[in-house]
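J.: can't give you the sequence, but here's the structure:
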């Protein structure tokens, strides 16, 4: 714990006593003509109020206690003797009030023994009764809270709980949770349990975690709100806990593995670490769980039909959507630097740079990780890809695509990442690839009907839509739809305007296409497609003309960021409210970014992660 203290103090007034005389209104004219004479009521009464009376009284009683004067109760707490006044104890503690006013023998006794209580804590609480002040520290809180609970001093008890909430840390949250449970502090228990779930990555490396009983380990890892990088971390945590006391804990392997979502573990880890683990191979139920995961990996198209509680992604409590702006270019520079936007604070923060400089790349979020694919590094078009983990503010390379692509479209759907179109350095592309993060494998999918460079794709109602782009000859207004269940592309009504380098996103049953270039000018106009009515309709134009920008959706609002206005790269950001049909400017990005990539990812207080990884 830190050295922070919390001082609890009752409201007090100035130590200098003041008196006020309140006169009742008189209905008669004063008989005296002396202006300095006090006005009196008909009955000649007046009221005296001393504002510091109660404070002074307590101060005097406290001085009496210090000198042992008029004390009428002696408390024996352990080896310590504490003297006090019954009336004070009864006024601050329902426990003492009941003791001194009931049929208990203590009612008439002048000596009381308090069992199983800490003498320092009792002395502090009695001092608080006289002075209205108490200092809570890391050293005394664990004795103060139980003592205040027994004596039913709820104000101090609640202050102790608040103090412990401020002390929560990965190294102590499990201990505080157990302490709260022992003393029935419901809110403290809830907060510490939530803290353990949100900081599971750090908690599993502590001694407290290894010493937990089986029931508490099971309670943690079975929780769908567990905040983890991947299920690999849960598997490793379970094995570390079991191997800490192998003889005693080996019996729990199958019960705990039921809560590890093995189907969501990547294939390499599954084959190397799970299948290679002796504890798993020797347990029949664990082997069945392993086979279930393997079947899930082998059939990407059938994963919806294979759904079980172990195939569902965990959704941590407190996770909020953040907007990530990735790479791009400005003037003659191509960026590896990235930044993140918090819609709740309207503020941008820098995150770790990518391993490669990229503009014209594809960016999407999946299972709380950010994937960046392809792009252009200033010299060549890229097939490389990398993945960002917001829990540790770190990038790692992943399997490259089969084809170099810049200016591509990208989306995530049913646990898979789809990319299509783009430019390979020689020609515009119509091909599509699909990446499975669980297996780390790219595979080909049916090509679009039209070659599309600078196209965008999005998912609406289980279908992938590809919009606009440039086919090396014409700027496109055409749109086509891909149904993964049928494995084929079909044309749908074209947009009202030709749009290459546009921004595309989906909100409910609407597909938004905003800005872009029609071959003559950068555009600020936008339109949306109602997939149920199979029709396009215009929306209000943005404040800025934009092409090579990005458009994303958060909580039903549409965000447009970066791009180029025809003369310069932009760092401006604006938000569209579909209900009001209105755009509003927001805080600008730190860096100007044309050909920017962007995506939404749900994170828990990423600002804290960024601060901790910088230090």
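T.: Noted; the coordinates are in hand. Everything numeric here is computed off the predicted structure, so don't read it as measured data. Residues are numbered from 1 along each chain as shown.
J.: for this structure, where's the lowest mean pLDDT among helices and strands?
T.: strand 19-23 (a mean of 35; mean pLDDT, DSSP states H and E).
J.: Give the burial count for residue 558, as a bare number.
T.: By other CB atoms under 10 Å, the residues close to residue 558 number 25. C-beta: built from backbone N, CA, C; applies to glycine.
J.: where's the closest residue to residue 80 other than its chain neighbours relative to residue 590, distance?
T.: Excluding the flanking residues, the one nearest residue 80 by CB to CB, 6 or more residues apart in numbering is residue 119, at 3.7 Å. Distance, residue 119 to residue 590, by CB to CB, to the nearest Å: 58 Å.
J.: okay, these two: which has more neighbours?
T.: Neighbours per residue, other CB under 10 Å: of residue 119 and residue 590, the larger number sits with residue 119, 18 against 13.
J.: Which residues are in contact with the more buried one?
T.: 77, 78, 79, 80, 82 (CB atoms under 8 Å, 6 or more residues apart in numbering).
J.: Residue 582 contacts residue 576, correct?
T.: Yes. Contact criterion CB atoms under 8 Å: residue 582 and residue 576 qualify, at 7.2 Å.
J.: where does the stretch 451-600 of the chain dip in pLDDT?
T.: Across the stretch 451-600 of the chain, nothing is flagged by pLDDT under 70.
J.: Quick one: the strands in it, in order.
T.: Using DSSP state E, counting those that start in this stretch, the strands of the stretch 451-600 of the chain run over residues 456-460, 463-467, 479-483, 488-492, 503-507, 510-517, 522-530, 535-539, 550-554, 557-561, 573-577, 582-585, 597-603.
J.: now the stretch 301-450 of the chain
T.: With DSSP E, counting those that start in this stretch as the criterion, the stretch 301-450 of the chain has strands spanning 320-326, 329-330, 333-334, 338-342, 347-351, 362-366, 369-373, 385-389, 394-398, 409-413, 416-420, 432-436, 441-445.
J.: Least confident of the ones you listed, on average?
T.: Looking at these, the lowest mean pLDDT belongs to strand 329-330 (a mean of 90).
J.: Now tell me what touches that strand from outside.
T.: Contacts for strand 329-330 (CB under 8 Å, 6+ apart): 335, 359, 569, 591, 592, 593, 594, 595.
J.: now, among those residues, which is nearest to residue 134?
T.: Within the contacts of strand 329-330, distances to residue 134 taken as CB to CB reach their minimum at residue 591, with 51.1 Å.
J.: how far away is residue 240 from residue 228?
T.: For residue 240, the distance to residue 228 - CB to CB - is 14 Å.
J.: Could you check which of the two has the larger neighbour count?
T.: residue 228 (19 against 13).
J.: The more buried one: what's it in contact with?
T.: 200, 201, 234, 314, 391.
J.: Just the buried residues of those residues.
T.: 200, 201, 234, 314, 391 (16 or more other CB atoms under 10 Å).
J.: tell me the phi and psi of the first one?
T.: The phi and psi torsions at residue 200 (degrees, to the nearest 10) take the values phi -60, psi -40.
J.: Next one: it from residue 423, what distance?
T.: 42 Å.
J.: Likewise for the last one?
T.: From residue 391 over to residue 423 the distance is 34 Å, taken as CB to CB.
J.: Can you give the contact residues for stretch 606-615?
T.: Outside stretch 606-615, the residues touching it (CB under 8 Å, 6+ apart) are 322, 340, 342, 349-352, 390-394, 603.
J.: how far out from the middle of the chain is that stretch?
T.: Distance of stretch 606-615 from its chain centroid, counting by CA atoms, centre = their mean, to the nearest Å, is 14 Å.
J.: Just to check, residue 131 is in contact with residue 63?
T.: No. Using CB under 8 Å, residue 131 makes no contact with residue 63, being 11.0 Å away.
J.: How about the contacts made by residue 79?
T.: Per CB under 8 Å, 6+ apart, neighbours of residue 79: residue 119.
J.: okay, it: pLDDT?
T.: Reported pLDDT for residue 79: 90.
J.: re the thing from before, so which of the strands of the stretch 451-600 of the chain comes closest to residue 94?
T.: Short answer: strand 597-603, nearest of the strands of the stretch 451-600 of the chain by CB to CB, at 45.3 Å.
J.: re earlier: which of residue 131 and residue 63 has more residues huddled nearby?
T.: residue 131 (14 against 11).
J.: do you know how far that one is from residue 125?
T.: Distance from residue 131 to residue 125, by CB to CB: 11 Å.
J.: what do you get for residue 118?
T.: 10 Å.
J.: Quick check: neighbours shared by the two?
T.: residue 147.
J.: higher neighbour count, the two?
T.: More neighbours surround residue 125 than the other of residue 118 and residue 125, with 21 against 18 (other CB under 10 Å).
J.: what's that one in contact with, if anything?
T.: 92, 93, 134, 144, 147, 148, 151, 153, 156.
J.: Pretty sure the first one sits against residue 127.
T.: No. When contacts are counted by CB under 8 Å, residue 92 is not listed as touching residue 127 (10.6 Å).
J.: So between these two, which is more surrounded?
T.: Per other CB under 10 Å, whichever of residue 92 and residue 127 has more neighbours is residue 92, with 20 against 17.
J.: Please report how far that one lies from residue 59.
T.: For residue 92, the distance to residue 59 - CB to CB - is 15 Å.
J.: swap in residue 518?
T.: Residue 518 is 82 Å from residue 59, by CB to CB.
J.: Of these two, which one has the most company?
T.: Higher neighbour count among residue 518 and residue 59: residue 518, with 19 against 15, using other CB under 10 Å.
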